[in-house]
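> just a sequence and a predicted model for now, questions to come.
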Amino acid sequence: MALPSGVDALTNAKLVTNNTNMISVTPSIVDQVISPEKSAIFNVTITNLSNQPMPLYASTAPFDNNGYIDNGATQWFVFQQPDLLILPHQSQTENITVNIPKNAEAGAHYATIYFTPLVPVNSLQSNKSPIILRVGVLATIIVTGDIKQSAYIGAIKASIDPWEGPVTLSLRLVNNGNVYLLPHGSLVVYKNRKPVKSFQLGREVIFPNKGYTFTRVWSKHPLLGSYQLKGKLIYGSNNVILESSINFSVTPWDLIIEAGILLAVLGALYKVFRKRLWRAFKALLFKNP
(Lines give C-alpha, C1' and ligand atoms only; values in the text may rest on other atoms or scores of the structure.)
Protein backbone atom coordinates (compact mmCIF):
# COMPACT_ATOMS: atom_id res chain seq x y z
CA MET A 1 0.00 0.00 0.00
CA ALA A 2 1.53 3.31 -1.06
CA LEU A 3 1.26 5.91 1.66
CA PRO A 4 1.24 9.67 1.05
CA SER A 5 4.53 11.48 0.62
CA GLY A 6 6.39 12.08 3.87
CA VAL A 7 5.06 9.04 5.73
CA ASP A 8 7.18 6.27 4.19
CA ALA A 9 8.35 5.30 7.68
CA LEU A 10 4.80 4.10 8.37
CA THR A 11 4.91 1.39 5.68
CA ASN A 12 4.98 -1.35 8.32
CA ALA A 13 2.44 0.33 10.56
CA LYS A 14 -0.27 -1.47 12.47
CA LEU A 15 -3.84 -0.22 12.73
CA VAL A 16 -4.06 1.17 16.20
CA THR A 17 -5.18 4.11 18.27
CA ASN A 18 -5.96 4.63 21.94
CA ASN A 19 -7.79 7.93 21.64
CA THR A 20 -11.49 7.77 20.88
CA ASN A 21 -11.51 11.45 19.84
CA MET A 22 -8.79 11.39 17.17
CA ILE A 23 -10.93 11.64 14.04
CA SER A 24 -14.50 12.34 13.01
CA VAL A 25 -16.36 11.89 9.73
CA THR A 26 -19.43 13.55 8.22
CA PRO A 27 -21.95 12.51 7.17
CA SER A 28 -22.32 9.33 9.22
CA ILE A 29 -24.93 7.89 6.83
CA VAL A 30 -24.96 8.17 3.04
CA ASP A 31 -27.99 7.39 0.85
CA GLN A 32 -27.75 7.04 -2.92
CA VAL A 33 -30.31 5.91 -5.52
CA ILE A 34 -28.55 4.51 -8.59
CA SER A 35 -29.62 2.49 -11.63
CA PRO A 36 -27.78 -0.67 -12.76
CA GLU A 37 -24.72 0.04 -14.91
CA LYS A 38 -24.66 3.61 -13.60
CA SER A 39 -22.30 5.42 -11.22
CA ALA A 40 -22.60 8.12 -8.58
CA ILE A 41 -20.12 10.16 -6.55
CA PHE A 42 -20.53 11.28 -2.96
CA ASN A 43 -18.23 13.05 -0.53
CA VAL A 44 -17.14 12.26 3.01
CA THR A 45 -15.25 14.81 5.13
CA ILE A 46 -12.68 13.51 7.62
CA THR A 47 -11.41 15.76 10.42
CA ASN A 48 -8.23 15.23 12.43
CA LEU A 49 -9.04 16.21 16.01
CA SER A 50 -5.59 15.44 17.39
CA ASN A 51 -2.43 17.52 17.70
CA GLN A 52 -0.44 15.24 15.39
CA PRO A 53 -0.56 14.53 11.65
CA MET A 54 -2.91 11.62 11.08
CA PRO A 55 -2.25 9.00 8.37
CA LEU A 56 -5.41 7.06 7.47
CA TYR A 57 -6.51 4.51 4.98
CA ALA A 58 -10.02 3.97 3.63
CA SER A 59 -11.67 0.60 3.15
CA THR A 60 -15.08 -1.05 2.88
CA ALA A 61 -16.55 -3.94 4.84
CA PRO A 62 -19.87 -5.84 4.83
CA PHE A 63 -22.55 -4.23 6.91
CA ASP A 64 -23.59 -6.34 9.89
CA ASN A 65 -26.61 -5.36 11.95
CA ASN A 66 -27.64 -7.98 14.51
CA GLY A 67 -27.17 -10.82 12.06
CA TYR A 68 -28.24 -8.94 8.95
CA ILE A 69 -25.16 -9.06 6.69
CA ASP A 70 -25.00 -7.58 3.19
CA ASN A 71 -21.88 -8.68 1.34
CA GLY A 72 -22.84 -7.61 -2.17
CA ALA A 73 -22.03 -3.91 -2.19
CA THR A 74 -18.51 -3.86 -0.77
CA GLN A 75 -16.90 -4.19 -4.23
CA TRP A 76 -18.85 -1.30 -5.74
CA PHE A 77 -16.85 1.50 -4.06
CA VAL A 78 -13.78 3.23 -5.50
CA PHE A 79 -11.85 5.75 -3.37
CA GLN A 80 -10.27 8.74 -5.06
CA GLN A 81 -7.49 8.67 -2.46
CA PRO A 82 -7.63 5.59 -0.22
CA ASP A 83 -4.49 6.67 1.69
CA LEU A 84 -4.74 10.00 3.46
CA LEU A 85 -2.57 12.25 5.59
CA ILE A 86 -4.53 14.91 7.47
CA LEU A 87 -2.76 17.68 9.37
CA PRO A 88 -3.68 18.50 13.00
CA HIS A 89 -7.12 20.05 13.37
CA GLN A 90 -7.63 20.03 9.60
CA SER A 91 -10.26 18.39 7.42
CA GLN A 92 -10.05 16.62 4.10
CA THR A 93 -12.79 15.57 1.71
CA GLU A 94 -12.70 12.12 0.14
CA ASN A 95 -14.57 11.55 -3.12
CA ILE A 96 -16.06 8.06 -3.37
CA THR A 97 -17.49 6.59 -6.55
CA VAL A 98 -20.14 3.87 -6.53
CA ASN A 99 -20.36 1.68 -9.64
CA ILE A 100 -23.50 -0.45 -9.92
CA PRO A 101 -23.07 -3.69 -11.90
CA LYS A 102 -25.54 -4.70 -14.58
CA ASN A 103 -26.87 -7.69 -12.63
CA ALA A 104 -27.31 -5.86 -9.29
CA GLU A 105 -30.51 -6.88 -7.54
CA ALA A 106 -33.09 -4.13 -7.12
CA GLY A 107 -33.54 -2.83 -3.60
CA ALA A 108 -31.31 -1.63 -0.79
CA HIS A 109 -27.68 -2.66 -0.42
CA TYR A 110 -25.41 -1.72 2.45
CA ALA A 111 -21.72 -1.35 3.17
CA THR A 112 -19.60 0.26 5.87
CA ILE A 113 -16.85 2.66 4.81
CA TYR A 114 -14.03 2.73 7.34
CA PHE A 115 -11.28 5.28 7.93
CA THR A 116 -8.55 3.75 10.05
CA PRO A 117 -5.64 5.63 11.70
CA LEU A 118 -2.09 4.32 11.32
CA VAL A 119 0.75 4.67 13.82
CA PRO A 120 4.40 3.56 13.56
CA VAL A 121 5.25 0.09 14.82
CA ASN A 122 8.00 1.46 17.06
CA SER A 123 5.41 3.49 18.96
CA LEU A 124 3.65 0.34 20.16
CA GLN A 125 4.41 -1.19 23.54
CA SER A 126 5.46 -4.80 23.11
CA ASN A 127 3.66 -5.95 26.26
CA LYS A 128 0.28 -4.53 25.22
CA SER A 129 -2.16 -5.57 22.55
CA PRO A 130 -2.99 -2.87 19.98
CA ILE A 131 -6.45 -1.32 20.10
CA ILE A 132 -8.03 -1.12 16.67
CA LEU A 133 -10.34 1.86 16.31
CA ARG A 134 -12.08 2.69 13.06
CA VAL A 135 -14.54 5.43 12.26
CA GLY A 136 -17.27 4.25 9.94
CA VAL A 137 -19.87 5.61 7.56
CA LEU A 138 -22.94 3.56 6.68
CA ALA A 139 -23.57 3.64 2.93
CA THR A 140 -27.05 2.73 1.72
CA ILE A 141 -27.34 2.16 -2.01
CA ILE A 142 -30.83 1.82 -3.48
CA VAL A 143 -30.64 0.05 -6.83
CA THR A 144 -33.60 1.03 -8.98
CA GLY A 145 -35.97 -1.60 -10.32
CA ASP A 146 -38.63 -3.65 -8.57
CA ILE A 147 -38.56 -1.82 -5.23
CA LYS A 148 -40.79 -3.41 -2.62
CA GLN A 149 -41.77 -1.52 0.52
CA SER A 150 -43.77 -3.97 2.59
CA ALA A 151 -44.24 -4.74 6.28
CA TYR A 152 -46.69 -6.33 8.68
CA ILE A 153 -47.37 -6.23 12.41
CA GLY A 154 -46.10 -9.43 13.96
CA ALA A 155 -47.53 -9.07 17.48
CA ILE A 156 -49.00 -6.60 19.95
CA LYS A 157 -48.79 -7.40 23.65
CA ALA A 158 -49.46 -6.04 27.13
CA SER A 159 -47.64 -7.82 29.97
CA ILE A 160 -48.43 -7.15 33.64
CA ASP A 161 -46.18 -8.59 36.34
CA PRO A 162 -47.11 -8.13 39.14
CA TRP A 163 -50.73 -7.02 38.91
CA GLU A 164 -50.11 -3.57 40.38
CA GLY A 165 -47.74 -2.66 37.55
CA PRO A 166 -45.81 -1.61 35.65
CA VAL A 167 -47.30 -2.74 32.35
CA THR A 168 -44.97 -3.53 29.44
CA LEU A 169 -46.50 -2.65 26.07
CA SER A 170 -44.96 -3.92 22.84
CA LEU A 171 -45.61 -3.78 19.11
CA ARG A 172 -43.50 -5.74 16.59
CA LEU A 173 -43.08 -4.77 12.95
CA VAL A 174 -41.56 -7.13 10.37
CA ASN A 175 -40.03 -5.79 7.15
CA ASN A 176 -40.69 -8.25 4.32
CA GLY A 177 -39.68 -5.85 1.55
CA ASN A 178 -36.31 -5.28 -0.11
CA VAL A 179 -35.45 -1.82 1.29
CA TYR A 180 -35.01 -0.55 4.82
CA LEU A 181 -37.91 1.15 6.60
CA LEU A 182 -38.12 4.02 9.09
CA PRO A 183 -41.57 3.54 10.64
CA HIS A 184 -43.15 5.76 13.25
CA GLY A 185 -46.43 5.59 15.13
CA SER A 186 -48.00 5.24 18.56
CA LEU A 187 -49.24 2.94 21.30
CA VAL A 188 -52.40 4.11 23.08
CA VAL A 189 -54.10 2.56 26.12
CA TYR A 190 -57.88 2.97 26.38
CA LYS A 191 -60.32 2.39 29.22
CA ASN A 192 -64.05 2.71 28.63
CA ARG A 193 -63.16 3.89 25.09
CA LYS A 194 -61.22 6.85 26.47
CA PRO A 195 -57.41 7.17 26.10
CA VAL A 196 -55.61 7.00 29.43
CA LYS A 197 -51.99 6.75 28.22
CA SER A 198 -50.25 7.41 24.90
CA PHE A 199 -46.70 6.63 23.72
CA GLN A 200 -45.06 7.88 20.54
CA LEU A 201 -42.92 5.39 18.63
CA GLY A 202 -39.82 6.93 17.06
CA ARG A 203 -38.18 6.11 13.77
CA GLU A 204 -36.15 2.92 14.00
CA VAL A 205 -34.25 1.48 11.05
CA ILE A 206 -35.65 -1.94 10.12
CA PHE A 207 -33.67 -3.79 7.46
CA PRO A 208 -35.16 -6.19 4.89
CA ASN A 209 -36.29 -9.55 6.29
CA LYS A 210 -35.78 -8.29 9.83
CA GLY A 211 -38.16 -7.24 12.58
CA TYR A 212 -38.13 -4.70 15.38
CA THR A 213 -40.16 -4.66 18.60
CA PHE A 214 -41.18 -1.26 19.91
CA THR A 215 -41.45 -1.46 23.71
CA ARG A 216 -42.82 1.06 26.17
CA VAL A 217 -43.37 0.76 29.93
CA TRP A 218 -46.47 2.15 31.60
CA SER A 219 -44.94 2.80 35.00
CA LYS A 220 -48.01 4.21 36.73
CA HIS A 221 -49.90 1.57 38.68
CA PRO A 222 -53.06 1.01 36.66
CA LEU A 223 -56.49 0.83 38.21
CA LEU A 224 -58.21 -2.53 38.19
CA GLY A 225 -60.35 -3.23 35.18
CA SER A 226 -60.34 -3.92 31.47
CA TYR A 227 -58.24 -2.01 28.94
CA GLN A 228 -57.60 -1.91 25.21
CA LEU A 229 -54.20 -1.35 23.63
CA LYS A 230 -54.14 0.09 20.10
CA GLY A 231 -50.97 0.20 18.02
CA LYS A 232 -50.39 2.23 14.87
CA LEU A 233 -47.36 2.32 12.57
CA ILE A 234 -46.72 4.35 9.42
CA TYR A 235 -44.00 3.39 6.97
CA GLY A 236 -42.77 3.84 3.39
CA SER A 237 -42.82 6.64 0.86
CA ASN A 238 -46.62 6.26 0.52
CA ASN A 239 -47.19 6.47 4.30
CA VAL A 240 -48.80 3.05 4.59
CA ILE A 241 -50.74 2.72 7.86
CA LEU A 242 -50.81 -0.51 9.88
CA GLU A 243 -53.01 -0.90 12.96
CA SER A 244 -53.59 -3.60 15.54
CA SER A 245 -55.26 -3.85 18.96
CA ILE A 246 -55.58 -6.17 21.92
CA ASN A 247 -57.76 -6.25 25.04
CA PHE A 248 -56.21 -6.93 28.44
CA SER A 249 -57.33 -6.90 32.05
CA VAL A 250 -55.62 -5.85 35.24
CA THR A 251 -56.74 -8.30 37.93
CA PRO A 252 -55.04 -8.99 41.30
CA TRP A 253 -55.01 -12.76 40.84
CA ASP A 254 -52.46 -13.25 43.61
CA LEU A 255 -54.71 -11.49 46.14
CA ILE A 256 -57.76 -13.38 44.89
CA ILE A 257 -55.95 -16.71 45.21
CA GLU A 258 -54.69 -15.85 48.70
CA ALA A 259 -58.19 -14.79 49.78
CA GLY A 260 -59.63 -18.02 48.33
CA ILE A 261 -57.12 -20.13 50.23
CA LEU A 262 -57.89 -18.26 53.45
CA LEU A 263 -61.64 -18.76 52.99
CA ALA A 264 -61.11 -22.45 52.26
CA VAL A 265 -59.08 -22.88 55.45
CA LEU A 266 -61.66 -21.00 57.50
CA GLY A 267 -64.43 -23.13 55.98
CA ALA A 268 -62.59 -26.34 56.84
CA LEU A 269 -62.00 -25.18 60.39
CA TYR A 270 -65.66 -24.27 60.72
CA LYS A 271 -66.74 -27.73 59.61
CA VAL A 272 -64.40 -29.37 62.08
CA PHE A 273 -65.31 -27.26 65.08
CA ARG A 274 -68.91 -26.27 64.39
CA LYS A 275 -70.43 -29.14 66.45
CA ARG A 276 -68.18 -28.35 69.38
CA LEU A 277 -68.97 -24.69 69.09
CA TRP A 278 -72.73 -25.41 68.94
CA ARG A 279 -72.57 -27.63 72.03
CA ALA A 280 -70.61 -25.02 73.92
CA PHE A 281 -73.09 -22.35 72.83
CA LYS A 282 -76.08 -24.46 74.01
CA ALA A 283 -74.37 -25.24 77.30
CA LEU A 284 -73.87 -21.55 77.95
CA LEU A 285 -77.39 -20.65 76.78
CA PHE A 286 -79.34 -23.28 78.70
CA LYS A 287 -77.10 -23.57 81.72
CA ASN A 288 -79.16 -24.15 84.86
CA PRO A 289 -78.97 -21.36 87.39
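Perfect, I can see it now.

> so what's residue 86 up against?
Residue 86 is in contact with 23, 46-48, 53-54, 56, 92, counting by C-beta atoms under 8 Å, 6 or more residues apart in numbering. In this view, the C-beta of every residue, glycine as well, is placed from N, C-alpha and C.

> now those: which count as buried?
Among these, the ones that count as buried by 16 or more other C-beta atoms under 10 Å are 23, 46-48, 54, 56, 92.

> in strands only, show me the contacts of residue 86.
23, 46-48, 54, 56, 92 (DSSP state E).

> below-threshold pLDDT in the stretch 51-200 of the chain: ranges please.
Applying pLDDT under 70 to the stretch 51-200 of the chain flags residues 65-71, 119-132, 161-165.

> okay, strands next: where are they in it?
Along the stretch 51-200 of the chain, counting by DSSP state E, counting those that start in this stretch, strands occupy 54-65, 68-70, 77-79, 83-86, 91-99, 107-119, 135-143, 151-160, 167-175, 184-191, 194-201.

> wait, residue 44 sits on residue 94?
Yes - the pair residue 44 / residue 94 is scored as a contact, 5.0 Å apart, by C-beta atoms under 8 Å.

> shared neighbours, these two?
Residues touching both residue 44 and residue 94 by C-beta under 8 Å, 6+ apart: residue 115.

> who's in contact with stretch 239-249?
Here stretch 239-249 makes contact (C-beta under 8 Å, 6+ apart) with 149, 151-153, 156-158, 160, 171, 173, 185, 225-235.

> swap in stretch 194-205?
With C-beta under 8 Å, 6+ apart, stretch 194-205 has contacts from 169, 171, 180-190, 212, 214, 216, 218, 220, 227, 233.

> are any of these buried, and if so which?
169, 171, 180-181, 183, 185-190, 212, 214, 216, 218, 227, 233.

> helix/strand/coil for residue 271?
Recorded secondary structure, residue 271: helix (DSSP: H, G, I helix; E, B strand; the rest coil).

> that one: neighbour count?
Close neighbours of residue 271, defined as other C-beta atoms under 10 Å, add up to 9.

> quick one: it from residue 27, how far?
Using C-beta to C-beta, to the nearest Å, residue 271 is found at 79 Å from residue 27.

> residue 43 touches residue 92, doesn't it?
No - Residue 43 is not in contact with residue 92 according to C-beta under 8 Å; the separation is 10.5 Å.

> what's the nearest residue to residue 88 if we skip its chain neighbours?
residue 51 (5.1 Å; C-beta to C-beta, 6 or more residues apart in numbering).

> so what's the residue count around the one you found?
Counted with other C-beta under 10 Å, residue 51 comes out at 9.

> begin at 201 from now on, thanks
Shifting the count to begin at 201 puts that one at residue 251.

> in stretch 302-318, which residues are buried?
Residues of stretch 302-318 classed as buried under the neighbour-count rule (16+ other C-beta under 10 Å) are 304, 306-318.

> what subset of the contacts of stretch 439-449 is buried?
349, 351, 353, 356, 358, 360, 371, 373, 385, 427-435.
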